[in-house]
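K.L.:
need a 3D model of the sequence below.
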Amino acid sequence: MANRAILAAGVLLAAAAGGQTTGNAPPTTALEVVSDKAPRMGRPLRDSSGRIWCVAYNAELKGPVLFRWTGSTWAETPVRQLPHPPWRARPMAPWEYFSTDIRIVHGRDGSMLAVLIRDFYQDMTSLFAGQDSTHWEISKLAQRWREEGKEECWLEAWLLDGGKWSGPMKIDELLKDHADLLRERFTLPSEQPSFFDLQSDGEWIWVVDNWDVLAIGPKGERLTWCMPVEWKTHSAQANLLFLPGGGVWCIYNAGISRNNEFHVAALSVAGNLIRSEQITDASFRASGSPGQAASSVMVARDKRIWRRSETFPYGHRTYVWSGRQWQEDKELAGPLFGDSDGSLWFLPYTKKAREPYGYRIIKDGKTAILELPPMDRPLMLGGIARSGPDRLFVAANSAVVALVRDGEAPAGWRIDRLYTTKQAIGTAEAFDDGHGNIVGAGWHAKLPAPQPATRPGR
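P.N.:
I've put the predicted structure just below:
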C-alpha cells in the first residue's frame, strides 16, 4: 500500500510509564543532514522499482516540475507545468481555477504516469513575450480561440517505461497507443482523490477523465459513465477503488460549491454499458480547501475498507465501512502503512492513562503497540517507509528510526537504531535510495556503513 499520510507536527511522542517495551535504549548514531536547494520541495515518492521522485516548484517556470533523485542530487524531468502570460487584473486569472498539481500514478516494474491539466493560456505566453499584455487582450484571444473550437484545457500525460519518458500526449492518445502496457502494469491502488486516476483489473482499464469515467476493454471497447453532479465547475476530484469481491467504487466530489461533499458509486461492466449504483450511505464530507480534499480510502488485506479524514487543524479521524455505513473508530487515527504479513499500522486517536504511546499495529483482530523511546527532544510519530522486507524507516522530526522485523517482539517489530539529527526533518516518509542515502522531504543524508544487527537487552 502506497503510504499517503503526513503526520501532524503537534503529535508528540511522550515518555510512557514503564519505559520502552523492548528493554534498553537502542544504539544511537548522529546523522549529517543536507538541506536540498530546490525551493518548495514536496514529499518524496518512491516508484515500484525503488527510484525516488519529488515535485518541486521551479522559480523560472513559476510552476511545479517533477524531479528524480540520482543518488546524490535532484535532476529535472521533462514533466512540468508551463508558464502563463502576465495577469494584472484584480479578478483571478482564468487558469487559476485549474489544478496545478502533477498527478502521479504508479505502475508495476517502475512504470509511472505523470498527468497535469494543460490549458491554451500557456500557449499565449510566447505570443505576449516581452509585451505589457493586459487581461483584456488575453480574454479576447481566449474568446476567439473558443469560437474557433479550441479546447480551453485538457489532460496531458507522460508515460515512464523502461526508464524512458514518452510524451507529452493527450489522454486519448495514451489510451490508444499504450493500452496493453496500461492494462498489464497499472494494477496498483490509489487512495487520494484528484483530477485524474487510472487503474486496471488486468482486463479493463478504468480512467477518471475530468467528470467522466471511462472503461477500456481488452478488445478496444470504450464505455463511458458521467458523474451525476449538479454543477460541473472546473476539475473533478475523484479516485477509483477496486473492491475485494469485484467491481469498482468511484469516489467523487459533488462540485466545488458543495463544500467537499463526496459521493460513492459502485460501477461494473454490463454488456455495452457501465452499470452504476449510488451507495448513498457511503457519502461523506472531507475537510480542506475546495477541490483539495484531505481524505483517502483504502482496502486493507483483510478486505475491510478504511477511510481517513483529516480535520482542522491537525487531527485525523478514522472510519471503517460496515457494508451499510461508515463507523468511526475512536481508538485509531488513520491507517498509515500496510505490511506484507497483513497487519495495518495506525496512530492512536488519544493517549490513555498509563498506556504506551506509539503506533498501533492490528493483525488478525489483535492490537499491539510499538513504542518509540523518550528522548531529550521528543520524537514525533511519522510516516513509515519500507527499506527491504524486514526493515522500515520512520522520520520522527528529530531522528530517523530504523525498525527491524522481530518475531519475538510483542508488535512483531523492534527498534534497531536511532539516527539523530541536529535540525528538524519533519515527519513525511524518508526513503532508502539503495545507494547508502536516506531521502526525505527537502533533505537527504548519508547513512553510516551497515553495522551488525543489535538486540536490546531484556
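K.L.:
the helices in this structure, which residues?
P.N.:
Applying DSSP state H to the chain gives helices spanning 124-127, 135-147, 171-177, 179-185.
K.L.:
which one of the ones you listed lies closest to L160?
P.N.:
The minimum distance between L160 and the helices of the chain falls on helix 179-185, with 10.5 Å, by C-beta to C-beta. The C-beta positions use only the backbone N, C-alpha and C, and glycine is treated the same way.
K.L.:
contacts for the closest one next, please.
P.N.:
With contact meaning C-beta atoms under 8 Å, 6 or more residues apart in numbering, helix 179-185 is reached by 107-109, 111, 159, 161, 174-175, 198, 200, 202-205, 216, 218, 220.
K.L.:
that one: how far from the chain's middle?
P.N.:
On the basis of C-alpha atoms, centre = their mean, to the nearest Å, helix 179-185 is displaced by 22 Å from the centre of the chain it belongs to.
K.L.:
got the CA coordinates for that helix in PDB?
P.N.:
Coordinates of each C-alpha in helix 179-185 appear next as PDB, following Å, rounded to 0.1, in the frame of the first residue of the first chain:
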ATOM      1  CA  ALA A 179      -3.400   0.200 -23.800                       C
ATOM      2  CA  ASP A 180      -1.600  -3.100 -23.500                       C
ATOM      3  CA  LEU A 181       1.000  -1.700 -21.200                       C
ATOM      4  CA  LEU A 182      -1.600   0.200 -19.100                       C
ATOM      5  CA  ARG A 183      -3.700  -3.000 -18.800                       C
ATOM      6  CA  GLU A 184      -0.800  -5.100 -17.600                       C
ATOM      7  CA  ARG A 185       1.200  -2.700 -15.400                       C
END
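K.L.:
the nearest residue to G440 once chain neighbours are set aside: neighbour count?
P.N.:
In space, and not counting its chain neighbours, G440 is closest to A430: 4.0 Å by C-beta to C-beta, 6 or more residues apart in numbering. A430: 27 surrounding residues under other C-beta atoms under 10 Å.
K.L.:
cool, and S309?
P.N.:
If we define neighbours as other C-beta under 10 Å, then S309 has 23 of them.
K.L.:
isn't it up against A286?
P.N.:
Yes: counting by C-beta atoms under 8 Å, S309 does reach A286; the two are 5.9 Å apart.
K.L.:
surely H135 meets W87?
P.N.:
Yes: between H135 and W87 there is a contact under C-beta under 8 Å: 5.7 Å.
K.L.:
so where's the stretch 1-150 of the chain uncertain?
P.N.:
For the stretch 1-150 of the chain, the stretches flagged by pLDDT under 70 are 1-24, 38-39, 61, 130-132.
K.L.:
now with 80?
P.N.:
Across the stretch 1-150 of the chain, residues meeting the criterion (pLDDT under 80) sit at 1-25, 37-41, 58-62, 89-90, 129-133.
K.L.:
all the strands of it, residue numbers only.
P.N.:
Using DSSP state E, counting those that start in this stretch, the strands of the stretch 1-150 of the chain run over 28-30, 33-35, 41-46, 52-58, 63-69, 74-80, 103-106, 112-119.
K.L.:
quickly list what the closest residue to M169 other than its chain neighbours is bridged to.
P.N.:
Among residues not flanking M169 along the chain, A157 sits closest, at 5.7 Å (C-beta to C-beta, 6+ apart). On the basis of DSSP bridges, A157 is bridged to V115, M169.
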